[in-house]
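Participant: Below are the sequence and a predicted model; questions follow.
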Amino acid sequence: MAAKSIISRPVYGTLSPQPGKHHLFIADAEGALAISEMAAKAPAGFFDGAEIVFIPGPDGKHIAALESLRPAQFHQAPSFASLLPRLKQTLSNAHMGLRLYLSGTEGLIGQAMQVALEAGVDHTSMQTEHRGSLARRMQCVHCKGITENVTTQPATCSHCGLLLLVRDHYSRRLAAFQGVCINAEDRGEIPPMEEAFP
Amino acid sequence: MSTGTTKLDVVVSDVVPVNDLVTRFHFRRRDGELLPTFSGGAHVVVEMRDGERTRLNPYSLMGSPLDTREYTISVRRDDVGRGGSLFMHRSVKPGLEMVISYPVNLFSLDLRAKKHLMLAGGIGITPFMAQTAQLAGEGGNFELHYTCRTASLGTYADVLRERYDRRVRLYHDDRDERIDLDRLLSTQPLGTHLYVCGPAGMINWVRDRAAALGWPLEAVHFEHFAAPQPGLPFDVTLAVSGKTIRVGSQQSLLEAIEAAGVDPPYLCRGGVCGQCETNVVSYDGKFVHNDHWLSEEDHRSGCKIMPCVSRFEGKSLVLER
Ligand code: FES
């Protein structure tokens, strides 16, 4: 689980079954495990009104486990970007009482939350659980470009190429951490790059 | 002067009978100035000088927040109540000078909502009169469902239908019309906030169904002014002021404390706002907690009491204030 350091840093919980009839799960990779574990505590018939949207990741694991929960709908996507239109569609047709469960990487949780908030879902209707990689979604404060899946400290901006210190400063609006140039005084100074967000 | 309840000197500018049970009162400032602005859902506490007694009852402001030349409240006569509404109906006439508190809003609209769904029962319509006026002025999206006993007791139902047409739905008990609550709650778009004001039974019903249907607590707002319940008289000692006073059977603990010359804080006088919370120093007996503020744990602990609505039965009670 991601460490808590500064205030803007999101805090994640543990998924638990909520009252209501409509449950929407959005998960990537190891996030599937959070759903399976929650399912063990869910009342009978809970998944009859559930929809699971899953981004399996490169190893393609956990698909069968989620299907075995027999949700009313199961949908798989290669990336968050590819499921975005469908997610927006689902939310625009949804009604009050919908409960949202987000599990997996911070990037996934943050982006899904952002879409949901925009659709009018109250943040208290959302449950989150961080699982798997600590990889960060990072915004370069200089060129504003977003780099996905940042695992190192410092990290290179995939847009402008600056070497960035990945800060704990998190923007909910962007669902991203801020990256600030680490060698602005002397570009020739290259600090060692470490695997910081495995 | 109590915390948060700065006073306004007003004069009754009009008294209008609305139906068999309800009368409307208009107040203007004695100095002719505009009254303070307020937001839909706010209430004022009206001070009634009834002979020896001062009664303080909260009433929702029902005029448009866009017009502060006057405040209007509607009072439903309660023949078996403690007498405040009867005093208003019998003794308050145009020209009477009165004192009311500044408006306080414990039932405000959440303006982040994409839609406002309002449920009113009986005289619980009053805060919605102001809220709908506010939202209509801002082009807000709302829908009001109003249940009343009979058409003739549907206070302001005609006014509301006239103003807002299909956005207002009426249900009459005598025609067996009931809100299809589960359907109504299950078909609201995301981002809807729910507001309910009416009898306790209605509020509990709506809150329970909303929770069961997955509505988040933060999207469900309710207002219920519980009148203080009568009970057995009891004695109470106030540790700080060293006074021992008697609380009469028709008097609330808060009223008794005020009558003894202590000026405790309050806002709602209905057991919901938390303002009057008081620590219990010691007691021998049992509490009759009637509030909606303290947790069950607080109630069990015997360490706290809300003097505006709660009572005590037993040998001795010492409160901090
Ligand atoms: S005055 Fe509001 S709870 Fe007592």
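Facilitator: Alright, I've got the coordinates. The structure presented is a predicted model; accordingly, all values stated were derived computationally and were not measured. Residues are numbered from 1 along each chain as shown, chains lettered A, B, ... in the order given.

Participant: Next, count neighbours for residue A:100.
Facilitator: Using other Cβ atoms under 10 Å in any protein chain shown, residue A:100 has 24 other residues around it. All C-beta spots, glycine's among them, are computed from the backbone N, C-alpha and C.

Participant: got the contact list for the nearest residue to it once chain neighbours are set aside?
Facilitator: Spatial nearest neighbour of residue A:100, excluding adjacent residues (Cβ to Cβ, 6 or more residues apart in numbering or on different chains): residue A:126 at 4.4 Å. Residue A:126 makes contact with A:99, A:100, A:101, A:102, A:113, A:116, according to Cβ atoms under 8 Å, 6 or more residues apart in numbering or on different chains.

Participant: what do you get if the cut-off is 10 Å, keeping everything else the same?
Facilitator: Shown in contact with residue A:126 (Cβ atoms under 10 Å, 6 or more residues apart in numbering or on different chains): A:13, A:18, A:24, A:26, A:98-102, A:109, A:112-113, A:116-117, B:216.

Participant: Would you tell me which residues of chain B are close to chain A?
Facilitator: Within chain B, the positions lying close to chain A (Cβ under 10 Å from any Cβ of the partner chain) are B:110, B:112-115, B:117, B:182, B:185-194, B:210-220.

Participant: how about 8 Å then?
Facilitator: By Cβ under 8 Å from any Cβ of the partner chain, the residues of chain B that approach chain A are B:114, B:185-192, B:194, B:211-219.

Participant: Type out the ChimeraX command that picks the buried ones from those residues.
Facilitator: Command for ChimeraX that selects the buried part of the residues of chain B next to chain A, burial taken from 16 or more other Cβ atoms under 10 Å in any protein chain shown:
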select /B:185,186,188,189,190,191,192,194,213,214,215,216,219
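
Participant: Next step: the residues of chain B next to chain A restricted to strands.
Facilitator: B:192, B:194 (DSSP state E).

Participant: The ligand: which of the contacts of residue A:126 is nearest?
Facilitator: residue B:216 (24.2 Å; Cβ to the nearest ligand atom).

Participant: in the chain, which spans are helices?
Facilitator: Using chain A here. Counting by DSSP state H, chain A has these helices, from start to end: A:31-39, A:63-67, A:80-93, A:106-118.

Participant: not quite, I wanted chain B
Facilitator: B:84-91, B:126-137, B:157-164, B:181-186, B:200-212, B:253-259, B:296-301.

Participant: could you point out the longest strand in chain A?
Facilitator: Longest strand in chain A, counting by DSSP E: strand A:163-171.

Participant: tell me the angle of it relative to helix A:106-118?
Facilitator: Strand A:163-171 and helix A:106-118 meet at an angle of 40 degrees, taking axes from the mean of the first three to the mean of the last three Cα atoms, to 10 degrees as the criterion.

Participant: quick one, strands of chain A?
Facilitator: Under DSSP E, chain A gives strands at A:22-28, A:50-55, A:73-76, A:98-104, A:126-130, A:136-140, A:146-150, A:152-153, A:155-156, A:163-171, A:176-181, A:194-195.

Participant: List the contacts of residue B:65.
Facilitator: Residue B:65 sits in contact with B:37, B:38, B:39, B:40, B:42, B:130, B:133, B:134, where contact means Cβ under 8 Å, 6+ apart.

Participant: For it, give its distance to residue A:102.
Facilitator: 39 Å (Cβ to Cβ, to the nearest Å).

Participant: ok, now residue B:120?
Facilitator: 36 Å.

Participant: got it, and residue A:66?
Facilitator: In terms of Cβ to Cβ, residue A:66 sits 14 Å off from residue A:102.

Participant: Make sure residue B:230 is actually in contact with residue B:255.
Facilitator: No: between residue B:230 and residue B:255 there is no contact under Cβ atoms under 8 Å: 11.6 Å.

Participant: if you count what's nearby, which of the two comes out ahead?
Facilitator: residue B:255 (21 against 14).

Participant: what's the spacing between the more buried one and residue A:13?
Facilitator: 45 Å.

Participant: Any idea what residue 55 is bridged to?
Facilitator: Chain wasn't specified; assuming chain A. residue A:28 (DSSP bridges).

Participant: I was thinking of chain B, sorry if that wasn't clear
Facilitator: As assigned using DSSP bridges, the partners bridged with residue B:55 are residue B:48.

Participant: Then residue A:75?
Facilitator: Beta-bridge partners, per DSSP bridges, of residue A:75: residue A:53.

Participant: Give me the pLDDT value at it.
Facilitator: For residue A:75, the pLDDT comes out at 95.

Participant: if I pick it, what's in contact with it?
Facilitator: Going by Cβ under 8 Å, 6+ apart, residue A:75 touches A:51, A:52, A:53, A:54, A:83, A:86.

Participant: one more time with 10 Å, if that's ok
Facilitator: By Cβ under 10 Å, 6+ apart, the neighbours of residue A:75 are A:26, A:51, A:52, A:53, A:54, A:55, A:83, A:86, A:87, A:90.

Participant: ditto for residue B:231
Facilitator: Taking Cβ under 10 Å, 6+ apart, one finds B:247-253, B:288, B:290, B:310-313 in contact with residue B:231.

Participant: hmm, try it at 8 Å
Facilitator: B:249, B:288, B:311, B:313.

Participant: Repeat that for residue B:143.
Facilitator: B:115, B:116, B:117, B:118, B:167, B:169.

Participant: How much space separates it from chain A?
Facilitator: 13 Å (Cβ to the nearest Cβ, to the nearest Å).

Participant: before we move on, what about residue B:76?
Facilitator: 31 Å.

Participant: Number of residues surrounding that residue?
Facilitator: Going by other Cβ under 10 Å, the residues that sit close to residue B:76 add up to 20.

Participant: for residue A:86, same thing?
Facilitator: 12.

Participant: got any ranges where the chain has weak pLDDT?
Facilitator: You didn't say which chain, so I picked chain A. A:1-8 (pLDDT under 70).

Participant: Actually, chain B is the one I wanted.
Facilitator: B:1-5, B:225.

Participant: tell me which parts of it are close to the ligand?
Facilitator: Residues of chain B lying near the ligand by Cβ under 6 Å from any ligand atom: B:266-269, B:271-276, B:291, B:293, B:306, B:308.

Participant: switch the cut-off to 5 Å
Facilitator: B:266, B:268, B:269, B:271, B:273, B:275, B:276, B:306, B:308 (Cβ under 5 Å from any ligand atom).

Participant: and which of those is nearest chain A?
Facilitator: residue B:273 (21.8 Å; Cβ to the nearest Cβ).

Participant: what about that closest one, distance to residue A:137?
Facilitator: 42 Å.

Participant: which one of the contacts of residue A:75 has the most neighbours?
Facilitator: Busiest of these [other Cβ under 10 Å] is residue A:26, holding 30 neighbours.

Participant: OK, contacts around it?
Facilitator: Counting by Cβ under 8 Å, 6+ apart, residue A:26 has contacts A:53, A:54, A:87, A:100, A:101, A:102, A:103, A:108, A:112.

Participant: pretty sure the second one contacts residue A:24?
Facilitator: No: using Cβ under 8 Å as the test, residue A:54 is too far from residue A:24 to be in contact (11.8 Å).

Participant: Can you tell me how far residue A:103 is from residue A:53?
Facilitator: The value you get for residue A:103 to residue A:53, if Cβ to Cβ is used, is 11 Å.

Participant: follow-up on the earlier one: between the helices of chain A, which one is nearest to chain B?
Facilitator: That would be, of the helices of chain A and by Cβ to the nearest Cβ, helix A:80-93, which comes in at 6.4 Å.

Participant: was I right about residue A:77 contacting residue A:63?
Facilitator: No: using Cβ under 8 Å, residue A:77 is not in contact with residue A:63, being 11.7 Å away.

Participant: Spit out the residues that contact these two alike.
Facilitator: Common neighbours of residue A:77 and residue A:63 (Cβ under 8 Å, 6+ apart) are residue A:54.
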